[in-house]
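*Asks:* coords please:
(one chain, ligands or ions: 2)
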Amino acid sequence: MYTTDFLDLPALRLAGGSVRLPGSKSISNRVLLLAALSEGTTEVHDLLASDDTAVMLDALAAIGCTVEHVDARTVRITGLGARAPRSPAKLFLGNAGTAMRPLTAALALMLGDFTLSGVPRMHERPIGDLVDALRQLGCAIDYLGQPGYPPLSIAQGGGVPPLQLAAPIQVRGDVSSQFLTALLMALPLAAREQDVVIEVVGELISKPYIEITLALLARFGIAVQRQGWQRFTIAAGSRYRSPGSIHVEADASSASYFIALGALAGSGDGVRIEGVGLDSIQGDIRFVDAARAMGAQVDGGDNWLQVRRGSWPLKAIALDCNHIPDAAMTLAVMALYADGPSLLTNIASWRVKETDRLAAMACELRKLGATVEEGADFLRVDPLPAAADWRAARIHTYDDHRIAMCFSLAAFNPARLPVRIEDPRCVAKTFPDYFEALFSVAQAQSGAVPVICIDGPTASGKGTVASLVAQRLGYAFLDSGALYRATALAAARAGLVMEPGNEAAIAVIARQLPIRFDGERIWLADEDVSEALRLEATGADASRISAMATVRTALLDLQHGFARLPGLVADGRDMGTVIFPTAPLKVFMTASAACRAERRHKQLISKGIDAKIDSLRADLEARDARDQSRAVAPLKPAQDALLLDNSTLTIEETVAQVLAWWQERQPFAPVG
Ligand SMILES: Nc1ncnc2c1ncn2[C@@H]1O[C@H](COP(=O)(O)OP(=O)(O)OP(=O)(O)O)[C@@H](O)[C@H]1O
Ligand SMILES: Nc1ccn([C@H]2C[C@H](O)[C@@H](COP(=O)(O)O)O2)c(=O)n1
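*Replies:* Residues are numbered from 1 along each chain as shown. Ligands and ions are numbered 1, 2, ... in the order given. The predicted model follows:
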């Protein structure tokens, strides 16, 4: 997951290959709660691991369920069954509506004292209609802040009041379908002796989500009779029965980004999506119809979809999106690539989601250059047909995962502009590895993967700085010196002396180098050689073999392979001059010899390695002289490199300077 302040997506061109999607958030949190209310143990497979499921799991553990993490995608829940929940309990539910609403309803029908709170935005998301319905029943539930919104208190430690079940329980259906879902999941607790009837007031929105709720209730042994979308009856004697084991389908809303990707850029066989198919129980699968209407070619089976580009430009649509409220946001970005204005209607529910999505989408689409009309419950988006119409935008994401994900599609713009996604970590709500998945199937425009080169003499700090710059930008990092060091180490172990007569044999070793980078650690085959590589003797050997032309050629492809999405920071001696000559930023980093010898001395002493400054200085000057004077790819600044002498700078100041130069090269308008 990218935890950087922002993530710059370079211009993208094509998409192909296969992605496996994480489990559905809606299904995951419903299954977890139903497992918690059941007797016995339920093994939940392919569970979504995300912020919203994490808060649900924490809450279930806090009220006394046993939660065992079997592996990254499997959890075992032992439910409460007939037991009372552990109380008092304070439950923090983040910004997870799928946890806040159903848990409120379930706990309001149980013995105990509970408070339920969330992040500030959760305290702006309405829950009054659900609380009204629970109060009709007689539950003791109160607002701890603003009436109508969380945080809430449930105070039934002395006993659950007698419930008023004779008359149907009324709940509004036109603000959020989660209120009805919450009641449907919780009220079997009250239907021991008599039928419980729920009546929906107003037109029910997002009906497909209710279908998911009913399907999952059935898996847990609860049959609900439905009369149209207005009246739901839970039969007397209902009891949650664990299915023992249950699989969570992949998230159909998450599929929308990859369906769109296939429609925009799917080349060859297009994009294959694993984990959800055309027969999904999730309403958002109907996004496929909308994508087809816009021109996408979509095939599918039981548990897979395959998407290719069809009509181009895409066809504009006018669509009532009530049935696909979450996935419809993706259509708003696809509309930028259409042959006319698109109109998305019946999306008022966007206003009470993670953020006011109607306002947010309009604002961010305009930043890209689009003309957008925002109505109370609709959005009209004009396309951006010509490259000149597009702007390079910093997309603000409002702590809303879907905004981050759907705006990534703007990186396919014909103007070949990058798109900056602020706070990319917000995708953790439903799809923590979204950008990794995107980069695994998307291809950049040729030459568009950005590379920052930092070359310089030994101990100038280029490795330290390059690695930090890479971290701040979410880019890959290439320590090219490690490749020469590893080759030298492997050659020494093969009994070779680093001299010209052995050049051919050393080049063979370089070409087949079984090197692997794993965070801070470096492996040669199955041996961790991180420490051995940093020895001064290994550095000197590396310097000797780096003068051999065939060894340098043997390492070329390996180095080029590091240039991948979203970008690369590479440090070495010839990154800017030979390996990435068209890189948009080249830095030549130096420091005085005295300063470098002192830094290296400190570095070695801190690792418990004894060293003398004078001999270190003599060694590094000898190494620099050899690296500068060799015939192939000598150490020297590229013509267009910026010089950075950091003798008097701290590491942080040096990093800040490189990042400032990088920002100057970006096309985004200055902030403010
Ligand atoms: N201003 C600075 N910028 C970068 N590094 C610094 C700075 N001040 C001190 N250092 C320290 O200098 C030491 C040498 O840095 P580093 O190993 O990154 O150099 P290098 O140029 O990559 O060396 P080599 O080419 O031998 O791999 C590190 O311990 C680093 O923390
Ligand atoms: N791009 C590179 C990187 C390294 N070398 C050689 C020259 C160095 O003395 C030696 C070790 O590099 P370090 O780990 O100290 O950066 O490897 C090179 O020629 N070209």
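*Asks:* Which element is encountered next along the chain beyond the helix or strand hosting residue 472?
*Replies:* Secondary-structure element containing residue 472, defined by DSSP states H and E: helix 462-473. Downstream of helix 462-473, the first helix or strand assigned by DSSP H and E is strand 476-479.
*Asks:* And the average pLDDT for the following helix or strand past that next one is what?
*Replies:* Note on strand 476-479: by DSSP H and E, the next helix or strand toward the C-terminus is helix 480-493. Mean pLDDT, helix 480-493: 97.
*Asks:* Would you mind listing what in the protein touches ligand 2?
*Replies:* 458, 480-481, 484-485, 539, 542-543, 546, 572-575, 623, 627 (C-beta under 6 Å from any ligand atom). C-beta here means a position set from N, CA and C on the backbone, and glycine is covered the same way.
*Asks:* in the stretch 551-672 of the chain, which spans are helices?
*Replies:* 556-560, 593-606, 613-629, 651-664 (DSSP state H, counting those that start in this stretch).
*Asks:* Give me the domain ranges for the chain.
*Replies:* 6-22+249-444, 25-247, 451-664 (automatic domain parsing).
*Asks:* Of those, which stretch is the most buried?
*Replies:* Greatest average neighbour count among the domains of the chain goes to domain 6-22+249-444 (a mean of 21), per mean count of other C-beta atoms under 10 Å.
*Asks:* chain center to it: distance?
*Replies:* Between the centre of domain 6-22+249-444 and the centre of its chain there are 15 Å (C-alpha atoms, centre = their mean, to the nearest Å).
*Asks:* Next, the distance between the ends of that domain.
*Replies:* Start and end residues of domain 6-22+249-444 are separated by 19 Å (C-alpha to C-alpha, to the nearest Å).
*Asks:* Ok, stretch 425-440 next?
*Replies:* Termini of stretch 425-440 sit 18 Å apart (C-alpha to C-alpha).
*Asks:* ok, residues contacting that stretch?
*Replies:* Applying C-beta atoms under 8 Å, 6 or more residues apart in numbering, the external contacts of stretch 425-440 come out as 1-4, 7, 17, 19, 21-22, 25, 48-52, 95-96, 251, 253-254, 257-258, 261, 354, 397-405, 408, 421, 424, 474, 564-566.
*Asks:* again, 6 Å this time
*Replies:* For stretch 425-440, the external contacting residues (C-beta atoms under 6 Å, 6 or more residues apart in numbering) are 1-3, 19, 22, 25, 50-52, 254, 397, 399, 401, 404-405, 408, 565.
*Asks:* Out of these, name the ones that lie in strands.
*Replies:* residue 19 (DSSP state E).
*Asks:* Report pLDDT for residue 72.
*Replies:* 88.
*Asks:* Downstream of the helix or strand where residue 437 lies, the next helix or strand is which one?
*Replies:* If you go by DSSP H and E, residue 437 is part of helix 434-441. Once the chain leaves helix 434-441, the next helix or strand it forms, by DSSP H and E, is strand 442-444.
*Asks:* and that following strand, what does it pack onto?
*Replies:* strand 12-20 (3 or more C-beta pairs under 6 Å, 6 or more residues apart in numbering; DSSP states H and E).
*Asks:* try it again with 10 Å
*Replies:* For strand 442-444, the elements it packs on are strand 12-20, helix 252-265, judged by 3 or more C-beta pairs under 10 Å, 6 or more residues apart in numbering; DSSP states H and E.
*Asks:* Sheet-wise, list the partners of that strand with their directions.
*Replies:* In the sheet containing strand 442-444, its partner strands are strand 12-20 (antiparallel), by DSSP bridges.
*Asks:* now the partner strand against helix 252-265, angle please.
*Replies:* Strand 12-20 runs at 140 degrees relative to helix 252-265, counting by axes from the mean of the first three to the mean of the last three C-alpha atoms, to 10 degrees.
*Asks:* quick one: contacts for the residue of the stretch 451-600 of the chain found nearest ligand 1?
*Replies:* Checking the stretch 451-600 of the chain residue by residue against ligand 1 with C-beta to the nearest ligand atom singles out residue 461 as nearest, at 2.1 Å. Going by C-beta atoms under 10 Å, 6 or more residues apart in numbering, residue 461 touches 454, 468, 571, 589-591, 595-596, 599, 644, 646-647, 649, 651, 654-655.
*Asks:* redo that, cut-off 6 Å
*Replies:* Here residue 461 is in contact with residue 646 (C-beta under 6 Å, 6+ apart).
*Asks:* again with the one 5 residues further on
*Replies:* By C-beta under 6 Å, 6+ apart, residue 466 lies in contact with 454, 569, 571.
*Asks:* Now do the same for the nearest residue to it once chain neighbours are set aside: its pLDDT.
*Replies:* Of all residues not flanking residue 466 in the chain, residue 571 sits nearest, at 3.8 Å (C-beta to C-beta, 6 or more residues apart in numbering). Residue 571 is assigned a predicted lDDT (pLDDT) of 98.
*Asks:* Tell me where the model's unsure across the stretch 251-400 of the chain.
*Replies:* For the stretch 251-400 of the chain, no stretch has pLDDT under 70.
*Asks:* what's across from whatever residue of it ends up closest to ligand 1 in the sheet?
*Replies:* As assessed by C-beta to the nearest ligand atom, ligand 1 sits closest to residue 394 within the stretch 251-400 of the chain, at 28.7 Å. Taking DSSP bridges as the rule, residue 394 bridges to residue 420.
*Asks:* That one contacts residue 419, doesn't it?
*Replies:* No. Between residue 394 and residue 419 there is no contact under C-beta atoms under 6 Å: 8.5 Å.
*Asks:* In the stretch 251-400 of the chain, what residue comes closest to ligand 2?
*Replies:* Closest point on the stretch 251-400 of the chain to ligand 2, by C-beta to the nearest ligand atom, is residue 392, at 31.7 Å.
*Asks:* Can you pull out the residues in contact with stretch 173-182?
*Replies:* 97, 101-102, 105, 129-130, 171, 200, 202-206, 209-210, 213.
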